[in-house]
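In: sequence and computational prediction follow.
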Amino acid sequence: MPTVRFTPSLMLALIFCFFAFGISQTARADAKAIDALGGNSMAKHHIVLQETESDLQRQTLLLNVTANLLKAYGDNVDIEVVAFGPGISLLFANNEHAKRIEALSQQGVRFSACMNALKNATERLGHEPALNPVAKKVPAGIVRVVELVDAGYILVRP
């Protein structure tokens with residue numbers, strides 16, 4: 001029966017193969033996580049934009065950044081905007097950016113609205129504000145951001 005000798009070069013090659021296999025397994029896990037979160041695992045870039053400000057100029061900046069990412073990367077970018085805290089007002093149906101948000105949604109951008117922030121806004125306003133129809137409710141905005149970052153998204157807070 002032939003004997004296999006483990007020379008240093010053979011050991012190095014085996015270690016490299018195991019390492020490469022591990023990386024490919026991790027990449028698949030990220031793709032699965034991205035798909036499970038409703039993202040596009042086929043895109044090269046995955047960005048989560050966080051909005052926590054009610055200031056309309058800050059919201060304009062966030063939407064400008066979103067549009068610039070789409071312009072630069074086209075179909076090769078997966079973007080989700082997560083609004084929580086005072087930033088939940090971005091996703092109110094009567095927000096002055098509502099039509100722009102709908103247009104960005106038609107280009108594949110996802111918008112998530114924090115239920116905790118919506119509850120606080122309801123208490124403050126005395127009624128539940130109507131949300132932009134493209135907004136998807138999530139239990140907690142910050143948790144959604146962490147889930148996206150864990151799946152491989154880059155967090156941007158313009």
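Out: Yep, that arrived.
In: confidence-wise, which helix or strand of the protein is lowest on average?
Out: Least confident helix or strand, the chain: helix 8-36 with a mean of 54, by mean pLDDT, DSSP states H and E.
In: check which element follows that helix along the chain.
Out: strand 45-51 (DSSP states H and E).
In: what mean pLDDT does whichever helix or strand comes after that following strand have?
Out: Sequence order places helix 56-73 as the next helix or strand after strand 45-51, per DSSP H and E. The predicted model assigns helix 56-73 a mean pLDDT of 98.
In: cool, stretch 111-118 as well?
Out: 98.
In: pull the CA atoms of that stretch into CSV?
Out: Extracted in CSV, the C-alpha atoms of stretch 111-118 (Å, rounded to 0.1, in the frame of the first residue of the first chain):
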residue,chain,number,x,y,z
PHE,A,111,-37.8,51.3,3.6
SER,A,112,-38.3,50.0,7.1
ALA,A,113,-40.3,51.7,9.8
CYS,A,114,-39.6,51.0,13.5
MET,A,115,-42.7,50.0,15.4
ASN,A,116,-41.3,51.3,18.6
ALA,A,117,-40.9,54.8,17.1
LEU,A,118,-44.4,54.5,15.5
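In: now that stretch, how far from the centre of its chain.
Out: Taking Cα atoms, centre = their mean, to the nearest Å, one finds stretch 111-118 lying 14 Å from the centre of the chain it belongs to.
In: which of the residues in it are buried?
Out: Phe111, Ser112, Ala113, Cys114, Asn116, Ala117, Leu118 (16 or more other Cβ atoms under 10 Å). (Each C-beta comes from the backbone N, C-alpha and C, glycine too.)
In: list the contacts of the last one.
Out: The reference is to Leu118. Neighbour list for Leu118: Ile88, Glu128, Pro129, Leu131, Lys137 [criterion: Cβ atoms under 8 Å, 6 or more residues apart in numbering].
In: change it to 7 Å
Out: The contact partners of Leu118, by Cβ atoms under 7 Å, 6 or more residues apart in numbering, come to Ile88, Glu128.
In: picking that back up, from the buried residues of stretch 111-118, which ones fall inside strands?
Out: Phe111, Ser112, Ala113, Cys114 (DSSP state E).
In: from what I can see the third one touches Lys137, true?
Out: Yes: Ala113 sits in contact with Lys137 when judged by Cβ atoms under 7 Å, with a separation of 5.4 Å.
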